[in-house]
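Q: Got a predicted model here, sequence first, then my questions.
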Amino acid sequence: MIAIRRLSSLASPGAARRLIEFGQTIVLLTLTACAGRAAPPAGPAELNATLFHQLSAEYRAVVRQTFLAAEVKLQERLGDPDASALDEAMDVTDKPPAIIVDVDETMLDNSPWQVRAMRDGTAYPEGWAEWCEEASAEALPGAIEFAQLAASRGVTVFYVTNRDVSVDDATARNLAAQGFPMAAGIDVVLTKNERPEWGSDKTSRRLHVADHYRVVMLLGDNLGDFIGDEYTRLDNRGRQGAVDRFIDHWGTDWFMIPNAIYGGWSQAAVGYRRGLGKAGELRRKLRALDDGRPRQ
Ligand SMILES: [Mg+2]
């Protein structure tokens, strides 16, 4: 504190603070070098991914093309009375058609929350429930048009989300305010923990829908929006293998929206470990990648 006061007396408070921060950075870099580890990149890890989501023409194009392709395939699938997007659903005859869509980063764009977290230096779950309660997330480009087309063809749209049941009403409010179809008289927003058996694995909720509907299409941004924990909780090579195992579904009745900000792939890269801290996570992720050199 004495040093800070002395610095403050010599220079402006801003200059003194920058000098102190510079000193702290040098100490951190020295400690890191002494520990024999690569220094983690400066700045929030999600910065480039969030830029890509919020500002790039490229992300907008890939999201739009996914919904447009899904619209074409939906018409085809509705014409086949035996078509089902769920391998587990055996009896689909005479059931009305439905589609199951994920919410976050599939129908709704939460990148503003991500920007707040980066600017405030906070991390999930801090501020997440408050963001959901605001109910101000906007739709992904093409999402409303796709969902409305489905509804206009007599397809019930179910929103199966791993948002907690505590924000179920706010989520329904947000979706409705954006113009997504919300079938009257039935619960179409199925949240985590809404029932005791509805955990983070969405399989039980998909089968709940399949009890009364022929599920003709799934859309999501995470492998768990399509298949269960037995595949999605594997390491990243195992998760990639699961994609190949279900190759006939992709682009036919399963449609994936890219999410470069977060997802199972990110958790798998750190071995599903929690409490590593940002620097620890970054080191593990850097180690998980292949640099093309022979492995030691
Ligand atoms: Mg999602």
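A: Structure received.
Q: just the residues of the stretch 51-200 of the chain that are near the ion, which are they?
A: Residues of the stretch 51-200 of the chain lying close to the ion (CB under 5 Å from the ion) are 102, 104-106. (Each C-beta comes from the backbone N, C-alpha and C, glycine too.)
Q: Can you select the buried ones from these in ChimeraX?
A: Here is the ChimeraX selection string for the buried members of those, based on 16 or more other CB atoms under 10 Å:
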select :102,104,105,106
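Q: Can you tell me which of the residues of the stretch 51-200 of the chain next to the ion lies closest to residue 115?
A: residue 105 (14.1 Å; CB to CB).
Q: That closest one against residue 225, yeah?
A: No: with contact defined as CB atoms under 8 Å, residue 105 does not reach residue 225; the gap is 10.1 Å.
Q: So residue 150 belongs to a strand, correct?
A: No: according to DSSP: H, G, I helix; E, B strand; the rest coil, the state of residue 150 is helix, so it is not within a strand.
Q: got the contact list for it?
A: By CB atoms under 8 Å, 6 or more residues apart in numbering, the residues touching residue 150 are 74, 99, 157, 181, 217.
Q: Could you report the distance from the spatially closest residue to the fourth one that is not a sequence neighbour to the ion?
A: Spatial nearest neighbour of residue 181, chain neighbours left out: residue 151 (3.6 Å); criterion: CB to CB, 6 or more residues apart in numbering. Here residue 151 is placed at a distance of 21 Å from the ion (CB to the ion, to the nearest Å).
Q: can you check residue 192 too?
A: 12 Å.
Q: who's in contact with stretch 232-251?
A: Outside stretch 232-251, the residues that reach it (CB under 8 Å, 6+ apart) are 69, 73, 85, 201, 218, 222-224, 226-227, 231, 254, 256, 264-265, 268-269, 271-272, 288.
Q: Now the buried members of the residues you listed.
A: Counted by 16+ other CB under 10 Å, the contacts of stretch 232-251 give 73, 85, 201, 218, 222-224, 226-227, 231, 254, 256, 264, 268-269 as buried.
Q: Which helix or which strand is home to residue 98?
A: strand 97-101 (DSSP states H and E).
Q: make that residue 147, sorry
A: Using DSSP H and E, residue 147 falls in helix 143-152.
Q: could you give the angle of that helix to strand 97-101?
A: 160 degrees (axes from the mean of the first three to the mean of the last three CA atoms, to 10 degrees).
Q: what comes up buried for stretch 122-139?
A: So for stretch 122-139, counting by 16+ other CB under 10 Å, buried means 128, 131-132, 135, 137, 139.
Q: Determine how far it lies from the middle of the whole chain.
A: Computed by CA atoms, centre = their mean, to the nearest Å, the chain-centroid distance of stretch 122-139 equals 13 Å.
Q: before we move on, what about stretch 127-146?
A: 12 Å.
Q: what's in contact with it?
A: Stretch 127-146 has contacts (CB under 8 Å, 6+ apart) with 60, 63-64, 66-68, 70-71, 74, 105-110, 112-113, 116-117, 120, 163-164, 166-167, 170-171, 173-174, 177-180, 257.
Q: Now the longest strand seen in the chain: average pLDDT?
A: Using DSSP state E, we find that the single longest strand of the chain is strand 156-164. Strand 156-164 carries an average pLDDT of 98.
Q: Now do it against strand 97-101, angle only.
A: 30 degrees.
Q: Strand 156-164 pairs with which strands, parallel or anti?
A: Strand pairing for strand 156-164, determined by DSSP bridges: strand 97-101 (parallel), strand 189-192 (parallel).
Q: Now do the last one: everything it contacts.
A: The set of residues external to strand 189-192 that reach it, using CB under 8 Å, 6+ apart, is 103, 158-165, 167-168, 171-172, 175, 182, 198-200, 205, 208-209.
Q: Buried ones among the residues you listed?
A: Using 16+ other CB under 10 Å, the buried ones in these are 103, 158-164, 167-168, 171-172, 175, 182, 198, 205, 208-209.
Q: ok, and which of the strands paired with strand 156-164 has the densest surroundings?
A: strand 97-101 (a mean of 24; mean count of other CB atoms under 10 Å).
Q: for the helix or strand following that one, packing partners?
A: Using DSSP H and E, the next helix or strand after strand 97-101 towards the C-terminus is strand 108-109. If you count contacts as 3 or more CB pairs under 8 Å, 6 or more residues apart in numbering; DSSP states H and E, strand 108-109 packs onto strand 138-139, helix 168-178.
Q: Check which helices and strands the longest one is in contact with.
A: Contacts defined by 3+ CB pairs under 8 Å, 6+ apart place helix 168-178 against strand 108-109, helix 128-134, strand 156-164, strand 189-192.
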